[in-house]
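In: Here is a sequence together with a model predicted from it:
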Amino acid sequence: MIPHLCWTNVAKLVKWIKAYVLWDMSRIKGSLKKVYEAMPFKQPMFTLLRKIVHVPPGIHQHLHFKGVIHVPISPTEGFRIMHHGHVIENELFWKGIKGWEAVSLELWIRLCRLSSVICDIGANTGVYALAAKAANPSAKVVAVEPVERVFRKLEGNVTLNNWDIQTVNAAVSDHTGTAVLYDLPQLEHVLSVSLEADWNSKSTALRPVEIPCITVTDLLKQIGATKVDLLKIDVETHEPAVLRGFHELIKRDRPSMLIEILNDEVAQQVSALLEGLEYQYYNIDDVTWPPPRVQELTKSEHFNFLLCQPAAAKAIGI
């Protein structure tokens, strides 16, 4: 029988070997990543590959690159966007316009064709704003993004298409002035930041940053618009404040809204702001078409809801 001390030593040795193997695999993985990033002609190779074979998501999610891609939304319409190697652009490259939030974007595009003033609030790199302008070139489109390093990418995408989308580097809220944004500055690109201190509060990496903010009412004045027809609002639980910032215009114009609902508290506040305004609610899972109509707003596992008037729903076929 091996003494207990020997078994202890063996266990320590096994633990050390496991740690070494994991370190070595990580080192190899890092080396392979560097080789992949240095590999030339990825975009033309992947473009050819995409044409001749179906590449499963489990594979193409790793086949990213950097360069300008074209995203068609119909045989005659589309937009250009810079692929920075991030997930949204990669999904759009491999699967087209249905590669990212397929049902949400289909609803958005249909509504854009009927709208003359369109706001993309929390625009990130501008996919929804670009799709809006591609679908309706005559519309007045404004894209608002609070994170400066992401905003620069948004501006670059607008310039790529040579379109008159108006871009604003600010947050949208219930007042015009300044606000505190809880950012993740160590990340080169972020998809989720908020003006709400409780959002993502478990993260120890959040950092408060003072930024300009504006209401939708003042935003419309800034771009020379007197009304709004359609908004996408993606501001990570700050949605009620955005609605409060143009509540009188909501009551007057009854715009359609593609809006994120991340918890029941947000759902209750949004419902209260829209009470008595005859809005219909559609819960979007980005798979089911048409999206199911629901009687009340709640937290959605899939995040997005469409809020619109009965006439708008009928006009887009849902």
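Out: Thanks, I have it.
In: need the strands for the stretch 101-250 of the chain, in chain order.
Out: Counting by DSSP state E, counting those that start in this stretch, residue ranges of the strands within the stretch 101-250 of the chain are 117-121, 140-144, 166-168, 171-172, 177-183, 207-214, 230-233.
In: Would you mind giving those strands as a markdown table with mean neighbour count and mean pLDDT added?
Out: All C-beta atoms are positioned from the backbone trio N, CA, C, and that covers glycine. Compiled in a markdown table, these are given as follows (neighbours: other C-beta atoms under 10 Å; pLDDT from 0 to 100):
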| stretch | mean neighbour count | mean pLDDT |
| --- | --- | --- |
| strand 117-121 | 27 | 98 |
| strand 140-144 | 26 | 98 |
| strand 166-168 | 20 | 98 |
| strand 171-172 | 28 | 98 |
| strand 177-183 | 17 | 94 |
| strand 207-214 | 15 | 95 |
| strand 230-233 | 24 | 98 |
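In: Dump those into JSON lines; add distance to residue 309 as well.
Out: Converted to JSON lines, the strands of the stretch 101-250 of the chain look like this (distance: least, C-beta to C-beta, whole Å):
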{"stretch": "strand 117-121", "distance to residue 309": "16"}
{"stretch": "strand 140-144", "distance to residue 309": "20"}
{"stretch": "strand 166-168", "distance to residue 309": "26"}
{"stretch": "strand 171-172", "distance to residue 309": "22"}
{"stretch": "strand 177-183", "distance to residue 309": "30"}
{"stretch": "strand 207-214", "distance to residue 309": "26"}
{"stretch": "strand 230-233", "distance to residue 309": "12"}
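In: Quick check: next helix or strand after the helix or strand encompassing residue 78?
Out: When elements are assigned from DSSP states H and E, residue 78 belongs to strand 77-83. Once strand 77-83 ends, the next helix or strand along the chain (criterion: DSSP H and E) is helix 87-95.
In: Rounded mean pLDDT for that following helix, please.
Out: Average pLDDT, helix 87-95: 96.
In: Could you work out the end-to-end span of stretch 141-148 for me?
Out: 20 Å (C-alpha to C-alpha, to the nearest Å).
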